[in-house]
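S.K.: return a 3D structure for these sequence lines:
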Amino acid sequence: MQRIILYLILSVGALSAKAQVQGQVIKVMTYNIHHGENMNGKLDIQGIATVILATNPDLVALQEVDSATLRIGKADILQELADATGMYIYFAKAMDFDGGGYGNGILSRYPIQHAQTLALPAKGKDGEPRSAAIVTVQLPGDSLLRFASAHLDHLDDPTDRLAQIQLILQQQQRSPVPMILAGDLNALPHSKEITQLKAHFMDATEKLGPTWPSDKPTQKLDYILLSGKGRWHVSGAHVVEETVASDHRPVIAELLLK
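M.R.: Predicted coordinates:
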């Protein structure tokens, strides 16, 4: 009898623990795709598609996305990736470039309910226009999630990055809907920029190593950050050991939204 009672207690405890982490499973990728140019200097959009298909994410944040520029032969990178993956897409142009557009993109397995392009401040002398793509997607069960793809300023001076972060934080704080912020943030883990973000976001990639350059990475520049205190469980995260398709390695996080 005592064994039966002990078994029941352990079983109930296990079920209770499992219930605490039940929710929507979401796999997220962030990937700076270097406008589709691989490490051999060749345009290879299919190479990017192959990486995405092999990892099977639900949401993908893409940076350095060209749209109909001359340097990629007027191709539409996002549409080609949508055709290859069957995912919904959104393009947030940061600037006109080479006969087309340049900015950030999103791929989503979930229907996109709302989308916006957030222009980020860029006042540095040698800086360039930056943007964040922000979408609201409908998860199974009709709950909502915001997902943002951002590419922050690349200069050594952090002034523009800090201003860009403040604008993103304002967007995050305007809605109770949880947000995933993913992208190439061009800042190291212990920088002031990442410290400010982590005051409001949980870093799902906190334990990961460097992501750039892809052949022999030395710097961690790519992150997946989660807002919505107490709503997230990180099941796992890793840097994909892809060395050719882009100059950045893609980053994956497997999440549970409670």
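
S.K.: shaky segments in the stretch 101-250 of the chain?
M.R.: Nowhere does the stretch 101-250 of the chain drop to pLDDT under 70.

S.K.: which stretches of it form strands?
M.R.: Counting by DSSP state E, counting those that start in this stretch, one finds strands in the stretch 101-250 of the chain at the ranges 112-120, 130-138, 144-151, 179-184, 202-203, 222-226, 232-239.

S.K.: who wins for proximity to Asp247 among the ones you listed?
M.R.: With Cβ to Cβ as the criterion, Asp247 lies closest to strand 179-184 of these, at 10.4 Å. (Glycine included, C-beta is placed from N, CA and C.)

S.K.: if I take the closest one and strand 130-138, what angle do their directions form?
M.R.: Orientation of strand 179-184 against strand 130-138 (axes from the mean of the first three to the mean of the last three Cα atoms, to 10 degrees) gives an angle of 140 degrees.

S.K.: how far is strand 179-184 from where the chain is centred?
M.R.: Strand 179-184 sits 4 Å away from the centroid of its parent chain (Cα atoms, centre = their mean, to the nearest Å).

S.K.: strand partners of that strand, parallel vs antiparallel please.
M.R.: strand 144-151 (parallel), strand 222-226 (antiparallel) (DSSP bridges).

S.K.: of all those, which lies closest to Gly183?
M.R.: Nearest to Gly183 among these is strand 144-151 (4.0 Å), distances taken as Cβ to Cβ.

S.K.: which of the strands of the stretch 101-250 of the chain sits closest to Leu53?
M.R.: Leu53 lies closest, by Cβ to Cβ, to one member of the strands of the stretch 101-250 of the chain: strand 232-239, at 17.1 Å.

S.K.: mind putting the strands of the stretch 101-250 of the chain into CSV with distance to Val251?
M.R.: Shown next, in CSV, are these (distance: least, Cβ to Cβ, whole Å):
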stretch, distance to Val251
strand 112-120, 21
strand 130-138, 17
strand 144-151, 12
strand 179-184, 8
strand 202-203, 11
strand 222-226, 5
strand 232-239, 6
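
S.K.: about what we covered before: now the strands paired with strand 179-184 as JSON lines including distance to Leu43 and mean neighbour count?
M.R.: Rendered in JSON lines, the data for the strands paired with strand 179-184 read as follows (distance: least, Cβ to Cβ, whole Å; neighbours: other Cβ atoms under 10 Å):
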{"stretch": "strand 144-151", "distance to Leu43": "20", "mean neighbour count": "24"}
{"stretch": "strand 222-226", "distance to Leu43": "22", "mean neighbour count": "26"}
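
S.K.: dump the ones you listed to JSON lines, plus distance to Ile45.
M.R.: As requested, the strands paired with strand 179-184 are exported to JSON lines (distance: least, Cβ to Cβ, whole Å):
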{"stretch": "strand 144-151", "distance to Ile45": "17"}
{"stretch": "strand 222-226", "distance to Ile45": "20"}
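
S.K.: hmm, back to that, which one of the strands of the stretch 101-250 of the chain lies closest to Leu78?
M.R.: Of the strands of the stretch 101-250 of the chain, nearest to Leu78 by Cβ to Cβ is strand 130-138, at 10.2 Å.
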